[in-house]
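Engineer: Need the 3D shape of this:
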Amino acid sequence: MEHPLARRGAGFCLLSVALLGVFLLRPGPGGPPAPQPRAAGPGAAAAEAVRAPVAGPLPRSAPRRLTVPALGLDTALTPVGLGADGLITPPPPAAAGPAGWYTGAAAPGERGTAVVVGHVDGPAGPAVFYPLGALERNSRIEVARADGSTAVFSVYDVAVHPRRGFPAERVYRDGPGPELRLITCGGRYAPGAGYDSNVVVSARLVATER
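Structural biologist: Next comes the predicted model:
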């Protein structure tokens, strides 16, 4: 019998490929911000991810809004899934969002790894997740949920992963507590091909507010 995580991993591989195909329409002036190199070695983020959870899991509840105070980012969230082609259905490319919550994974605050995706650019220029690469470790991310609670996350890693060889198993695997991934396009842009990488922000639940 196939383990559920094996099926989830396959879906996430499709998701990571889809992000490069549909989440970029054209580059903004000078390109989006890129994450700063980490001082620690490449295993640092993985070590962070296996630390004990800071806050306990919440029951499943759909996310409604995502706020990143350090970036001045405040966007509605819309549910997205996989289309008939096995690729993620993208949210609208409007500059103000919404970003898309991938319903095939955990809800933010729930046990598991929640995934929120957003465009970096659109027809009018920078889109909702354009500044994501400028986010720093220990930054606060707030997710307002349908049950009236706000799940508060703390960023522990901001990285760029190439489209080819995207480490889906490491990026999307569940940790010991509720995790959150924010994902958009990044790296180098080529006309007709889009960006060659994804920016991935990793965060863990640290508090719940009402």
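Engineer: residue ranges with poor pLDDT in this structure?
Structural biologist: Residue ranges of the chain with pLDDT under 70: 1-31, 36-53.
Engineer: what about 50?
Structural biologist: Along the chain, segments meeting pLDDT under 50 span 1-14, 17, 20-28, 39-44, 46-47, 49-50.
Engineer: Could you report the separation of P32 from Y195?
Structural biologist: 9 Å (CB to CB, to the nearest Å). For glycine as for every other residue, the C-beta is placed from the backbone atoms N, C-alpha and C.
Engineer: which neighbours do those two share?
Structural biologist: Common contacts of P32 and Y195 (CB atoms under 8 Å, 6 or more residues apart in numbering): V120, C185, G186.
Engineer: Just the buried subset of the residues you listed, written out for PyMOL, thanks.
Structural biologist: Isolation of the buried members of the shared contacts of P32 and Y195 (16 or more other CB atoms under 10 Å) is achieved in PyMOL through the command below:
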select buried, resi 120+185+186
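Engineer: which residues does the residue lying closest to A190 once chain neighbours are set aside contact?
Structural biologist: Once flanking residues are discounted, A190 sits nearest to D196: 7.0 Å by CB to CB, 6 or more residues apart in numbering. Going by CB under 8 Å, 6+ apart, D196 touches L20, P162, R163, R164, G187, R188, Y189, A190.
Engineer: Name the nearest residue to P79, ignoring sequence neighbours.
Structural biologist: Of all residues not flanking P79 in the chain, T103 sits nearest, at 4.9 Å (CB to CB, 6+ apart).
Engineer: surely the one you found meets V80?
Structural biologist: Yes. Assessed by CB atoms under 8 Å, T103 is found in contact with V80 at 6.9 Å.
Engineer: When those two are compared, which one has more neighbours?
Structural biologist: V80 (21 against 13; other CB atoms under 10 Å).
Engineer: Surely the more buried one and G104 touch.
Structural biologist: No. If you go by CB under 8 Å, V80 and G104 don't touch, sitting 9.0 Å apart.
Engineer: What is the neighbour count of R210?
Structural biologist: Count around R210 with other CB under 10 Å applied: 7.
Engineer: For it, give me its contacts.
Structural biologist: G148, S149, T150.
Engineer: same question, A106
Structural biologist: Applying CB under 8 Å, 6+ apart, we find A106 in contact with R60, G112, T113, A114, D174, P178, E179.
Engineer: from these, which is closest to V128?
Structural biologist: For these, the residue nearest V128 by CB to CB is A114; the value is 16.9 Å.
Engineer: residues making contact with the helix or strand hosting that closest one?
Structural biologist: In this assignment (DSSP states H and E), A114 forms part of strand 113-117. Identification of contacts with strand 113-117 by CB under 8 Å, 6+ apart yields 12, 15, 19, 23, 63, 66, 77, 80, 88, 90-91, 99-102, 105-108, 129, 143, 172-175, 178-184.
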